[in-house]
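Q: heads up, no residue letters with this:
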């Protein structure tokens, strides 16, 4: 049996087992998502999805992969986010503490796995944009912080963050050949995500319903940016599988929505970290769509951008054109959200 298939199956069943065991424990230690004016589920839900997924990764990778600096760095960096994300889920850490912890995890990735962005490609049509290490380090910190929090913000409807992440992995698995991070830990994570989605969406009553929590959404965000940087970075003058600009399309919807929402909060004089109901999924809900319809719509919209980015790479579309079209698409999303807010009578 191929190793990747073993990882998928093992990740799937271990995650289900941990969800089964951890859900009742979550009620005892108060690791729960409590309904309020913004969270509209009817009862307290365990926030153990991320812990279950990480547990599966730790077991599967620890037993099927030889230990090396690359893998160890990933497990340490993601483990930090899961640990402190769980503490945040239970005790609500301050924004400053969250930022410091995300910088710590990012630094493990950059210095431990030697994984950072040094080349942005020909985004402006004037030649490849190369960065010295200090600039690449700062840019990578921003990229990790942005993607981690984009997935965290996306996690507002059952199946949404997990579905978007799984779609990214599937597209990379089908259309790229040298996604090192995907080969090493992405397949185990894909199996774990499938198990989580079964629990999270409630397709069967055999397993308790759990949420990702900050621990899980940040784990997914870090894994996405890790794999994208690995897949798009230039080695020995040759881009591995995708252009740096293509990476934008693989995280298009979470990234666009996060940037627009953050700018909107700042313009209204609010903290960029203050939760509200101005995300794309909230806009679609306000239009009268059901939660399941919204989740499917956003996942397929994200998948469409994923495939568009890959298609542009395969057709050798110039990177500056890819970047320009991405920016136009972002403006289109902003205008759509603004118009929809206006029509529904909500503040944009």
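A: Yes, it's here. Remember, predicted model here, so these are calculated numbers, not experimental data. Numbers count the residues shown, from 1 in each chain.

Q: which sections of the chain are below the confidence cut-off?
A: Applying pLDDT under 70 to the chain flags the ranges 1, 36-42, 177-178, 234-240, 341-348.

Q: Let's verify the most centrally placed residue in it: helix, strand, or coil?
A: Centroid check for the chain by C-alpha atoms, centre = their mean gives residue 221 as the closest residue, at 3.2 Å. Secondary structure, DSSP: H, G, I helix; E, B strand; the rest coil: residue 221 is helix.

Q: doesn't residue 149 make contact with it?
A: Yes. Applying C-beta atoms under 8 Å as the test, residue 221 and residue 149 come out as touching, 7.1 Å apart. Heads up, the C-betas are built off the backbone N, CA and C, glycines and all.

Q: what's the span of stretch 43-53, first residue to last?
A: 23 Å (C-alpha to C-alpha, to the nearest Å).

Q: Could I get the buried residue list for that stretch?
A: By neighbour count on 16 or more other C-beta atoms under 10 Å, the buried set for stretch 43-53 is 45, 46, 47, 48, 49, 50, 51, 52, 53.

Q: Excluding residues flanking it in the chain, which one is nearest the last one?
A: Among residues not flanking residue 53 along the chain, residue 192 sits closest, at 4.4 Å (C-beta to C-beta, 6 or more residues apart in numbering).

Q: In contact with that neighbour, which residues?
A: Counting by C-beta atoms under 8 Å, 6 or more residues apart in numbering, residue 192 makes contact with 11, 12, 14, 15, 52, 53, 56, 57.

Q: element containing it, please.
A: Here residue 192 sits within helix 187-201, counting by DSSP states H and E.

Q: got the buried residues of stretch 43-53 as a markdown table, with distance to residue 133 columns?
A: A markdown table is the format used below for these (distance: C-beta to C-beta, whole Å):
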| residue | distance to residue 133 |
| --- | --- |
| 45 | 43 |
| 46 | 42 |
| 47 | 37 |
| 48 | 38 |
| 49 | 36 |
| 50 | 31 |
| 51 | 34 |
| 52 | 37 |
| 53 | 32 |
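
Q: Out of the residues you listed, which is nearest to residue 90?
A: Among those, residue 47 lies closest to residue 90 (C-beta to C-beta), at 7.8 Å.

Q: quick one, strands of the stretch 101-250 of the chain?
A: Secondary structure of the stretch 101-250 of the chain by DSSP state E, counting those that start in this stretch: the strands cover 234-235, 238-239.

Q: Identify the residues contacting the residue nearest to the centre of the chain.
A: 144, 147, 148, 149, 150, 151, 152.

Q: Same list (these) but as TSV, adding distance to residue 267 and neighbour count.
A: Shown next, in TSV, are these (distance: C-beta to C-beta, whole Å; neighbours: other C-beta atoms under 10 Å):
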residue	distance to residue 267	neighbour count
144	25	28
147	23	25
148	23	26
149	18	22
150	19	25
151	23	29
152	21	22
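
Q: can you redo the residues you listed as TSV with distance to residue 304?
A: Putting the contacts of residue 221 into TSV (distance: C-beta to C-beta, whole Å) gives the following:
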residue	distance to residue 304
144	25
147	19
148	23
149	23
150	18
151	18
152	23
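
Q: what separates the residue located most distally from the centre of the chain from residue 156, distance-wise?
A: The outermost residue of the chain, judged against the average C-alpha position, is residue 126 (31.0 Å), by C-alpha atoms, centre = their mean. Distance, residue 126 to residue 156, by C-beta to C-beta, to the nearest Å: 39 Å.

Q: Can you verify my assumption that residue 106 contacts residue 78?
A: No. When contacts are counted by C-beta under 8 Å, residue 106 is not listed as touching residue 78 (11.3 Å).

Q: what about these two, which has more around it?
A: More crowded of residue 106 and residue 78, by other C-beta atoms under 10 Å: residue 78, with 29 against 26.

Q: what helix or strand does the more buried one sit in?
A: Per DSSP H and E: helix 69-91 holds residue 78.

Q: ok so, going back, looking at the buried residues of stretch 43-53, which are in helices?
A: Among the buried residues of stretch 43-53, DSSP state H puts 49, 50, 51, 52, 53 in helices.

Q: unless I'm mixing things up, the fourth one is touching residue 210, no?
A: Translated: residue 52. Yes. In this structure, residue 52 is within contact of residue 210 by C-beta under 8 Å, at 7.1 Å.

Q: who touches both of those two?
A: Counting by C-beta under 8 Å, 6+ apart, the shared contacts of residue 52 and residue 210 are 19, 22, 196.

Q: which non-adjacent residue is nearest the last one?
A: By that I understand residue 196. residue 49 is the one closest to residue 196 (C-beta to C-beta, 6+ apart), at 5.1 Å.

Q: Over to the second one?
A: Nearest in space to residue 22, with sequence neighbours left out and distances taken as C-beta to C-beta, 6+ apart, is residue 48 at 4.2 Å.

Q: Break down the stretch 151-300 of the chain into its helices, ranges please.
A: 160-175, 180-181, 187-201, 213-232, 244-250, 252-267, 280-286, 291-314 (DSSP state H, counting those that start in this stretch).

Q: out of the ones you listed, which comes closest to residue 334?
A: Per C-beta to C-beta, nearest to residue 334 of those: helix 252-267, 5.1 Å.

Q: so residue 318 touches residue 126, yeah?
A: No. Applying C-beta under 8 Å as the test, residue 318 and residue 126 come out as separate, 11.7 Å apart.
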